[in-house]
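Asker: predicted model, plus sequence, below.
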Amino acid sequence: MLNFSYHNPTRVHFGKGQIARVAEEIPADARVLITYGGGSIKKNGTLDQVLEALNEHTVLEFGGIEPNPTYETLMQAVELARKEKIDFLLAVGGGSVIDGTKFIAAAIPFEGDPWTILSERAKVKSAVPAGNVLTLPATGSESNAGAVITKKATLDKLAFGHPLLYPQFAVLDPETTYSLPENQSANGVVDAFVHVIEQYLTCRENSHVQDRYAEGLLLTLIEEGPKVLTQPQDYDVRSTIMWTANQALNGLIGQGVPHDWATHMIGHELTALYGLDHGQTLAIVLPSLMAVMKEQKKAKLLQYAERIWNITAGSEDERIELAISKTREFFEQMGIKTRLSDYGIGEEGVAKIVDQLKRHNMVKLGEGRDITPEVSEEILTRSL
Ligand code: NZQ
Ligand code: ZN
């Protein structure tokens, strides 16, 4: 096991009726900015619950944060927050709203152009405190310190993170997710699945605890994930998925093990260029990445085949190939297509994506830093 220091300071309030807790989490004299997306929280009653809980607080609102949140939109919120002397941010929505709010939190006190936090890795020295009410289980953003922001003008989708950006609290009420459209529920299951895989399916480490946690999450997603499509109003199903997606990327399973974020990095370029949903990009890239990297990941792929898919017969290569097919079938079963051609992207797209990866210096990806642009090209070609 590798060395690590672990601390996750986000307090999680999980379950029905927990939105009321925001009142006690936010200082009574705070000037609060509620941030949200395109309006789903108005339609499903989440915003009303938040406003009722905060009826004794000073509250302003900023809506319109888009999926894959953009610097351009977020800077409008920064301007408003500076003018109104906002000192607490409350994100209400999915990963995009929560990520966008992390950027706003870091940008408000930042001197200079906040985009440099992403483009030049400029240091975040302070951040406005923030909490969130999650409405889409997928990213784990509600209790991690990372965010992914897009600059529309230049087609850059870049990630950043800082310990100051851990949300102070996260409210996870599964009932807020009943209104999710099928495709977003499915995206969330795929995203959580791939988060686990990228911290699990690497080179073999002596990481028995992390492996068993990861396998528990993967099996849960395979067993319970399809039920969000057929039983969208089932509290038990929704709560299982919400807690699983949180655990997939709240930092715990990734301690002491190598990571491989190549699927995500290649996926971000697909979103930046073609506007695909984050979950769709992962479903396209992961099966091909597993195939191209099967020698490097052999031991873990065999473990994955046996423990997740019960595959014990056949040669090593046959077992691995079958596990990869099962993975692809699972994504397809969730209704998420796994080929570039399913989204109208052909060979010309492969070259464009590889150029973007080079432009963003994503030239040594994977746990072994051996996913070069040539290897990414091979992965994408296999995904056509
Ligand atoms: O904007 P509204 O109207 O709220 O609608 C949203 C949006 O259209 C809708 N939605 C959310 N909750 C709903 C709902 N509709 C009905 N009922 C509800 N309860 O769903 C749509 C997608 O929302 P979005 O927030 O974009 O989805 P998601 O949570 O999948 O977030 C994706 C973003 O997170 C980043 C991705 O790159 C992408 O930009 N990620 C962030 C990570 C992190 N911070 O750790 C890790 C992830 O790997 C990921 O990269
Ligand atoms: Zn993700």
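Answerer: On my side now, so go ahead. Ligands and ions are numbered 1, 2, ... in the order given.
Asker: count the neighbours of the residue lying closest to Gly64 once chain neighbours are set aside for me.
Answerer: Setting aside the residues directly before and after it, Gly64 is nearest to Thr73 in space (CB to CB, 6 or more residues apart in numbering), at 6.2 Å. Heads up, the C-betas are built off the backbone N, CA and C, glycines and all. Neighbours of Thr73 under the rule other CB atoms under 10 Å: 15.
Asker: which residues does Thr73 contact?
Answerer: Residues near Thr73 by CB atoms under 8 Å, 6 or more residues apart in numbering: Gly64, Ile65, Glu66, Gly100.
Asker: most neighbours, which of those residues?
Answerer: Counting neighbours by other CB under 10 Å, Gly100 leads the contacts of Thr73 with 31 neighbours.
Asker: which helix or which strand is home to that residue?
Answerer: Gly100 is located in helix 95-107, with elements delineated by DSSP states H and E.
Asker: what's the average pLDDT for that helix?
Answerer: For helix 95-107, the mean pLDDT works out to 98.
Asker: remind me what that helix packs against, helices and strands.
Answerer: strand 31-35, helix 71-83, strand 88-93, helix 116-119, strand 130-134, strand 146-151 (3 or more CB pairs under 8 Å, 6 or more residues apart in numbering; DSSP states H and E).
Asker: could I get those as TSV with distance to ligand 1?
Answerer: Below are those laid out as TSV (distance: least, CB to the nearest ligand atom, whole Å):
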stretch	distance to ligand 1
strand 31-35	11
helix 71-83	11
strand 88-93	5
helix 116-119	13
strand 130-134	8
strand 146-151	4
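Asker: can you list these in JSON lines and add distance to Gly188?
Answerer: Output for those, formatted as JSON lines (distance: least, CB to CB, whole Å):
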{"stretch": "strand 31-35", "distance to Gly188": "20"}
{"stretch": "helix 71-83", "distance to Gly188": "22"}
{"stretch": "strand 88-93", "distance to Gly188": "13"}
{"stretch": "helix 116-119", "distance to Gly188": "24"}
{"stretch": "strand 130-134", "distance to Gly188": "11"}
{"stretch": "strand 146-151", "distance to Gly188": "15"}
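Asker: what about stretch 255-268, how long is it end to end?
Answerer: One end of stretch 255-268 sits 24 Å from the other (CA to CA, to the nearest Å).
Asker: quick revisit: which one, of the helices and strands packed on helix 95-107, ends up nearest to His13?
Answerer: strand 130-134 (9.3 Å; CB to CB).
Asker: so Glu347 versus Ala291, what's the distance?
Answerer: Glu347 sits 18 Å away from Ala291, going by CB to CB, to the nearest Å.
Asker: hang on, isn't Tyr274 packed against Tyr343?
Answerer: Yes - between Tyr274 and Tyr343 a contact is recorded at 6.8 Å, counting by CB atoms under 8 Å.
Asker: and the protein, which of its residues are near ligand 1?
Answerer: 37-41, 44, 67-68, 93-97, 99, 135-136, 138-141, 144, 146-148, 176-177, 179-180, 184, 187-188, 191, 249, 264, 278 (CB under 6 Å from any ligand atom).
Asker: quick one, domains of the chain?
Answerer: The record's domain split for the chain, according to automatic domain parsing, is 11-176, 181-382.
Asker: point me to the residue of the stretch 201-350 of the chain nearest ligand 1.
Answerer: In the stretch 201-350 of the chain, no residue comes nearer to ligand 1 than His278, which is 4.0 Å away by CB to the nearest ligand atom.
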